[in-house]
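Asks: give me coordinates for this.
(chains A and B)
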2 protein chains.
Amino acid sequence: MAEIRPGDPSLLRRVNTQATLRALRREGVTTLTRLGRITGLSRQTVEAVLEELGERGWVQESPPDGGAMGRPARRFRFRADAGHVLGVDVGANKILATLADLNGEVVATERATVSGDALAPERLERAERTALACVDRAGVPRTRVWAVTAGTSGIVDRSGRVSLSTVLPGWTGVDLASIAGRWLGCPGFAENDANLAMLAEHWRGSAQHAADVVYLLVGHRTGAGILIAGRLHRGRGGGAGEIGALRQVGWEDGSAELTKDADADQVFVAARAGDPEALKAVDRFAWNLAIGASALVLAVDPDLVVVGGGCSRAGDVLLVPLRRYLDELCLRAPEVALSTFGDESVALGGVRLALDHVEREVLGL
Amino acid sequence: MAEIRPGDPSLLRRVNTQATLRALRREGVTTLTRLGRITGLSRQTVEAVLEELGERGWVQESPPDGGAMGRPARRFRFRADAGHVLGVDVGANKILATLADLNGEVVATERATVSGDALAPERLERAERTALACVDRAGVPRTRVWAVTAGTSGIVDRSGRVSLSTVLPGWTGVDLASIAGRWLGCPGFAENDANLAMLAEHWRGSAQHAADVVYLLVGHRTGAGILIAGRLHRGRGGGAGEIGALRQVGWEDGSAELTKDADADQVFVAARAGDPEALKAVDRFAWNLAIGASALVLAVDPDLVVVGGGCSRAGDVLLVPLRRYLDELCLRAPEVALSTFGDESVALGGVRLALDHVEREVLGL
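Replies: Just a heads-up that it's a prediction; the model follows:
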């Protein structure tokens, strides 16, 4: 056990700073008196901490509230724009960058297309350009971006390297975390796209109140992310959820069959309008999806299954048959919900992961 | 946050008692002086705590060590035999009861057979008789058993009721935890057999050093248990690991095919001797096992796969083809190990689960 010396001034200082910063972030604009009450610290200590935080640029004094009688109380606010984090979805056909402040509020997004055949250098160049355009469009100095996460299909190892990609040409072996960090000269991270989408839904979307979740990223390819006890479960090599690799569950084609002759969106629109051929295609797709999903549901017995990715735009026309087939294949019908963030969840999950780093390593929370 | 008042005498007393008890359990026979050094408590406080623990029957003064010069140091030991816990494997064809002391040391086991066709009352009566015989054989008063866990195939819900059994006749709906508690008038628990076997292997067996584990209980029927981050993952309804329910992975028959015409053990023996028909049967069985196992491996990406249950007696003749097929079906070859406790692991896992209860609720650790 680490020895704790209550008299250690640097430890005490750090604990006080953390308590004050946490209170400021939660409260918005707050008075000195209230900060003292929340943290249990003396007025003098709070003032000293606020001065230090002010010097770092993380806290700003607000104009006093004119409403009260007598000497107006000094008020302070956390400067959420002191720094920013970026999440970048490096997809098979699209790039989406999302910039957020230190409260996780999205301040800009930037979208671009890329060819599914693009080799790694072209895809990375497109991703970098989109990332920088997003930051510039927000009017945020590039030095104010403190962390970047890139999301991608395939297996990403603990160091942020793509250890296996069966979809993107030349993508296996790409050290995506390091490359993403170099775009803005800050710490870079990389994670499987379904894992990031899962994090976004757990943070602010459909999976907020669930602890064990199977998330299905359903687009041109189907991937899955797994949340256990409220935490992303990556597995030993980051491969958790890769049930699609098992030929017997038939995910290999993803929505390929659906998109062979027509755009998937068009098929879903036609199905919603009652077109019998389209309904049959969606039904086949739902069955195929359900087999792989049921393997994950039987393995994990989650509180919730979330359907996200591009195909989640289809809504009930996909969800209704999917629910029916899951009921048929699983021992107990799992709850199934649509994702809140659709195809924006991967980039938003990247924001969350980058924010985790900043909160831990920079803000010291 | 709960308010902690350092001056609270009852809280302080409890903390001191826990620290002393923990030290005693770890150290075996220990002197007063050493207990003071380990716990950081004064000699006077340690003496008061030991007196209280002695009155409860949990601590005993040992004869002084004659070796030292001067006044001999007073020595104390934790009375591991102050209470006991019982794990009972209520299987399709066998009952196995394992009694252990408060250190988890096994003091007796008792084994019985039961017909696979036996209805619930007969199976429960057999289980009770085996449980009591085990306690009596050890010479332990029945009142000294502080907790019992029964393990069984099928899905067991959080309250210890069998919510689904597809194998044992009349077994769905049995309130196994309550019934097991009544055998010895103490708290009763029930858990899926593969989950218990997994706990035993993580406690003292092949999975001691792994955090994420897929455990395969391979016998007349195949079940699975999953460990995530060092903790048993049960899932919402206790159904985690029930991949066998998915027809596409083909576990429905379990080792049925292997045992249709001969005892599985005989087939394994013949295979080890090089009999071509037996080798083919084992190979088919390994392939079948590998498909379901690979679904779990792809879902969870574990550190380790442990093969246990009756069929684990087969050893390498089963493990070699299983490893080969898992390598073929999974993205990355998982490590595969034989269970340490074979068909005794379910009862031993029951001991572990009962001990968890006693440590938490009785000893207050």
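
Asks: residue ranges with poor pLDDT in the stretch 151-300 of chain A?
Replies: Within the stretch 151-300 of chain A, the segments meeting pLDDT under 70 span A:252-262.

Asks: who are the contact partners of the residue in it positioned nearest to chain B?
Replies: Proximity to chain B, evaluated over the stretch 151-300 of chain A using Cβ to the nearest Cβ, is greatest for residue A:235 at 2.3 Å. Heads up, the C-betas are built off the backbone N, CA and C, glycines and all. Contact criterion Cβ atoms under 8 Å, 6 or more residues apart in numbering or on different chains gives A:241, B:212, B:300, B:301, B:302 as the residues in contact with residue A:235.

Asks: closest to residue B:361 out of those?
Replies: Of all those, the one with the least separation from residue B:361 (Cβ to Cβ) is residue B:212, at 28.2 Å.

Asks: give me phi/psi at the closest one?
Replies: For residue B:212, the backbone dihedrals are phi -120, psi 120 (criterion: degrees, to the nearest 10).

Asks: how about the one 4 residues further on?
Replies: Residue B:216 has phi and psi values of phi -110, psi 120 when expressed as degrees, to the nearest 10.

Asks: about what we covered before: wait, a strand at the residue of the stretch 151-300 of chain A closest to chain B?
Replies: No: inclusion of residue A:235 in a strand is not indicated when DSSP: H, G, I helix; E, B strand; the rest coil is applied; the result is coil.

Asks: I'd like the distance between it and residue B:303.
Replies: In this structure, residue A:235 and residue B:303 are 9 Å apart, going by Cβ to Cβ, to the nearest Å.

Asks: residues touching the nearest residue to residue A:290 once chain neighbours are set aside, list them.
Replies: By the measure of Cβ to Cβ, 6 or more residues apart in numbering or on different chains, the closest residue to residue A:290 outside its immediate chain neighbours is residue A:325, 3.5 Å from it. If a contact means Cβ under 8 Å, 6+ apart, then residue A:325 has A:286, A:287, A:289, A:290, A:291, A:294 as its contacts.

Asks: now those as a markdown table including neighbour count?
Replies: Written out in a markdown table, the entries for those read as follows (neighbours: other Cβ atoms under 10 Å in any protein chain shown):
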| residue | neighbour count |
| --- | --- |
| A:286 | 21 |
| A:287 | 16 |
| A:289 | 25 |
| A:290 | 22 |
| A:291 | 21 |
| A:294 | 29 |
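
Asks: quick one: which of those sit in helices?
Replies: For those, the ones inside helices are A:286, A:287, A:289, A:290, A:291, A:294, with DSSP state H as the criterion.

Asks: is it true that the first one touches residue A:318?
Replies: Yes: applying Cβ atoms under 8 Å as the test, residue A:286 and residue A:318 come out as touching, 6.0 Å apart.

Asks: now stretch A:342-350: buried residues?
Replies: A:343, A:344, A:345, A:346, A:347, A:348, A:349, A:350 (16 or more other Cβ atoms under 10 Å in any protein chain shown).

Asks: contacting residues for the second one?
Replies: For residue A:344, the contact set (Cβ under 8 Å, 6+ apart) comprises A:96, A:98, A:109, A:200.

Asks: of the contacts of residue A:235, which belong to helices?
Replies: Counting by DSSP H, these contribute residue B:300 to helices.

Asks: closest to residue A:43 among the contacts of residue A:235?
Replies: Relative to residue A:43, the closest of the contacts of residue A:235 is residue B:212; by Cβ to Cβ it sits at 49.1 Å.

Asks: now the residue lying closest to the closest one once chain neighbours are set aside: how far from residue B:241?
Replies: The shortest distance from residue B:212 to any residue that is not its chain neighbour, by Cβ to Cβ, 6+ apart, is 4.4 Å, and that residue is residue B:302. Counting by Cβ to Cβ, the gap between residue B:302 and residue B:241 amounts to 11 Å.

Asks: and the two? which has more neighbours close in?
Replies: residue B:241 (30 against 25; other Cβ atoms under 10 Å in any protein chain shown).

Asks: who's sitting farthest from the centroid in chain A?
Replies: Centroid-distance maximum for chain A: residue A:70 at 46.6 Å, with Cα atoms, centre = their mean.

Asks: that one: what secondary structure?
Replies: For residue A:70, the reduced secondary structure class is coil; criterion used: three-state DSSP.

Asks: what's the pLDDT at it?
Replies: Confidence at residue A:70, expressed as pLDDT, is 70.

Asks: can you check residue A:343 too?
Replies: Predicted confidence (pLDDT) at residue A:343: the value is 89.

Asks: the nearest residue to it once chain neighbours are set aside: neighbouring residues, count only.
Replies: Spatial nearest neighbour of residue A:343, excluding adjacent residues (Cβ to Cβ, 6+ apart): residue A:310 at 5.0 Å. A count of nearby residues for residue A:310, using other Cβ under 10 Å, gives 18.

Asks: related to what we said a few turns ago, for chain B, state which of the contacts of residue A:344 is nearest.
Replies: Using Cβ to the nearest Cβ, residue A:200 is the member of the contacts of residue A:344 that sits closest to chain B, with 20.9 Å.
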